[in-house]
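Asker: have a look at this prediction, sequence included:
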Amino acid sequence: MQTKVDIIGVPMDLGTGRRGVDMGPSAVRIAGLAEQIRALGLRVLDHGDVKVPIPEVLETGESKAKYLSEIATVCTDIYERVRRDLTEACMPIVIGGDHSLAAGSVAGTAAGASTAGAPLGLIWVDAHADMNTPETSPSGNVHGMPLAACLGMGPSKLARIGGMEPSIAPERTVLLGIRDLDEIERQAVHDSGVPAFTMLEIDQRGLYKV
């Protein structure tokens, strides 16, 4: 039976302080993602993008977590689509968009893994830890909060998507490529117990050893 892959576009930039990353799904599709996946002998499904409102028609909302309600709604839609794919033996590939969407994609993956009785691990490749909460974020941009939400910290709208809290345990999580942490977030990473490797460590030791 041919393995199925579902391309899920999430043209969202509500979580960041600037426009532009919403064009990501279109750019990756135009670059030929589906064709390259088919070349591997896989079946590609693409039902289009998750619906995302544009910031021009929205109120910013709480300054400590801008557009939180809208982002949580989008993440819930992502959760449902990813969870459904996994229960139907289909591999989801989620393309953003800003990183706040990961609260939904990780929650959906966790739900699918739980249903299948499969272990789940999370490799977070990012220059930032994304482990802020509204109380610690200097900007209020939610793209700096998704890993905290996945670990059960921060607003329940993000931390309890799908009713699972946390989506992933700290001991099943690792941070790769960290290079830019503020002092409060650095302490949050330390307190969480999540292993973190900087780009310098990766360069010195090699990715395989890390």
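Answerer: Everything's here; your move. Residues are numbered from 1 along each chain as shown.
Asker: so Thr3 touches Leu42, yeah?
Answerer: Yes. Contact criterion CB atoms under 8 Å: Thr3 and Leu42 qualify, at 5.0 Å. From N, CA and C alone the C-beta is placed, and that goes for glycine too.
Asker: let's verify Gly174: helix, strand, or coil?
Answerer: Small correction: residue 174 is Val, not Gly. strand (DSSP: H, G, I helix; E, B strand; the rest coil).
Asker: equivalent analysis for Gln36, please.
Answerer: With three-state DSSP as the criterion, Gln36 reads helix.
Asker: for it, give its distance to Glu183.
Answerer: Per CB to CB, to the nearest Å, Gln36 is found 42 Å from Glu183.
Asker: one more: Val28?
Answerer: From Val28 to Glu183 the distance is 35 Å (CB to CB).
Asker: burial count for the residue lying closest to Met23 once chain neighbours are set aside?
Answerer: Closest residue to Met23 apart from its sequence neighbours, by CB to CB, 6 or more residues apart in numbering: Pro11 at 7.0 Å. When counting by other CB atoms under 10 Å, one arrives at 21 neighbours for Pro11.
Asker: same check, this time on Gly17
Answerer: 12.
Asker: phi, psi of it?
Answerer: In terms of degrees, to the nearest 10, the main-chain angles of Gly17 are phi -90, psi 10.
Asker: show the contacting residues for it.
Answerer: Residues counted as contacts of Gly17 (CB atoms under 8 Å, 6 or more residues apart in numbering) are Ser139, Asn141.
Asker: what spatial separation is found between it and Glu165?
Answerer: As defined by CB to CB, Gly17 lies at a distance of 28 Å from Glu165.
Asker: I'd guessed the residue nearest to Met23 sits against Ala27; true?
Answerer: No. With contact defined as CB under 8 Å, Pro11 does not count as touching Ala27 (10.2 Å).
Asker: grab the nearest non-local neighbour of Ser139.
Answerer: Spatial nearest neighbour of Ser139, chain neighbours left out: Gly17 (6.3 Å); criterion: CB to CB, 6+ apart.
Asker: actually Leu147, sorry about that
Answerer: Nearest one to Leu147, counting by CB to CB, 6+ apart, is Asp130 at 4.2 Å.
Asker: show me the contacts for that neighbour.
Answerer: Taking CB under 8 Å, 6+ apart, we find Asp130 in contact with His99, Ala102, Trp124, His143, Gly144, Met145, Pro146, Leu147, Ala148.
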